[in-house]
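# 3D model of this:
(chains A and B)
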Amino acid sequence: MERTVTVVPEDGLHARPAAKFVETANEYDADVRVAADGDDPVDAASMLAVTSLGVASGDDVTIVAEGEEAEAALDALEELLSTPETEA
Amino acid sequence: MTTTQPDIETVLTRELIVLEEPPAQKEACIEFLLDRAVETDRVTDREAALEALLAREEEATTGVGKGIGIPHAKSDAVSRPTIVFARSEDGIDFDAMDEKPATLLFMLLVPEEGGEEHLQLLSSLSRALMHDDVREQLHEADSKAAIEDTITEAIA
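Residues are numbered from 1 along each chain as shown, chains lettered A, B, ... in the order given. Here you go, the predicted model:
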């Protein structure tokens, strides 16, 4: 299954949002891949791969998940990308 | 993304490639790489640049895994887009999620007014480094020229 999400955090898929994204992708029993518009999907559980996408705030990404917890993984990742970064 | 990426040849010149072993501690290594950018007149305010680099590490590590560290900052203290490269024989603990010590180090510095240039460079560099053969070639390169060629080719 897959889902297209607009990246809300100001940093884009970079710095803390990227770290959280990769951590979250690693938490589920699912194979998760992520693609920036039109590009080939890359391993969402790899920081290097996610950084390579160069996704800025406001860009769309497509997340593809397969496996037992695919839906839960997509839900968590969508929420993360849809939430502006708060002061932490 | 609409910003044009600066030419890699102007961003990573031979004088920005370091063959000496960097310090084994992450912070000392960051200072070591920054010093090269300062010595080559690409950074006007060392302290401000260091502060920006460390603030970025504080937010989330730039140890992106597969033995790569990409400390980076966008700052007024930087006069033009710059990549400093060094290798570590021993590896440096960069707090990477895959827990692999960083052996290939790229410091990326861009001026504050660079807009998305920052993300673009980071993205191109990361994309190049995802290839196993590029990382191998960087480890095996025996001269600054060989390193320069490998990076230039991989990013082009």
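# Contacts only, for the closest residue to chain A within chain B.
Residue of chain B nearest chain A, by CB to the nearest CB: B:Ser123 (2.7 Å). In this view, the C-beta of every residue, glycine as well, is placed from N, C-alpha and C. B:Ser123 makes contacts with A:51-54, as judged by CB atoms under 8 Å, 6 or more residues apart in numbering or on different chains.
# Quick one: which of these is the most crowded by neighbours?
Using other CB atoms under 10 Å in any protein chain shown as the neighbour criterion, A:Thr51 leads these with 28 neighbours.
# Quickly note the distance from it to chain B.
4 Å (CB to the nearest CB, to the nearest Å).
# and that residue, backbone torsions?
phi -60, psi -30 (degrees, to the nearest 10).
# surely B:Arg135 meets B:Gly65?
No. The criterion here is CB atoms under 8 Å, and B:Arg135 misses it with B:Gly65 at 11.3 Å.
# so what's the residue of chain A found nearest chain B up against?
Closest contact between chain A and chain B, by CB to the nearest CB, is at A:Gly54 (2.7 Å). A:Gly54 is in contact with A:12, A:36, B:1, B:119-120, B:122-124, counting by CB under 8 Å, 6+ apart.
# Could you dump the contacts of B:Ser123 into a markdown table with secondary structure and pLDDT added?
Output for the contacts of B:Ser123, formatted as a markdown table (DSSP: H, G, I helix; E, B strand; the rest coil; pLDDT from 0 to 100):
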| residue | secondary structure | pLDDT |
| --- | --- | --- |
| A:Thr51 | helix | 95 |
| A:Ser52 | helix | 95 |
| A:Leu53 | coil | 95 |
| A:Gly54 | coil | 93 |
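# if we can go back for a sec, for B:Arg135 and B:Gly65, work out which one has more neighbours and name it.
A direct count of neighbours by other CB under 10 Å for B:Arg135 and B:Gly65 places B:Gly65 higher, at 23 against 19.
# Now the more buried one: closest residue in space, sequence neighbours ignored.
Spatial nearest neighbour of B:Gly65, excluding adjacent residues (CB to CB, 6 or more residues apart in numbering or on different chains): B:Asp98 at 4.1 Å.
# For the chain, just list every one of the strands.
Just so you know, I chose chain A. In chain A, the strands defined using DSSP state E lie at A:2-6, A:31-36, A:42-43, A:60-66.
# wrong one, chain B
Under DSSP E, chain B gives strands at B:17-18, B:63-65, B:68-69, B:72-75, B:82-92, B:102-111.
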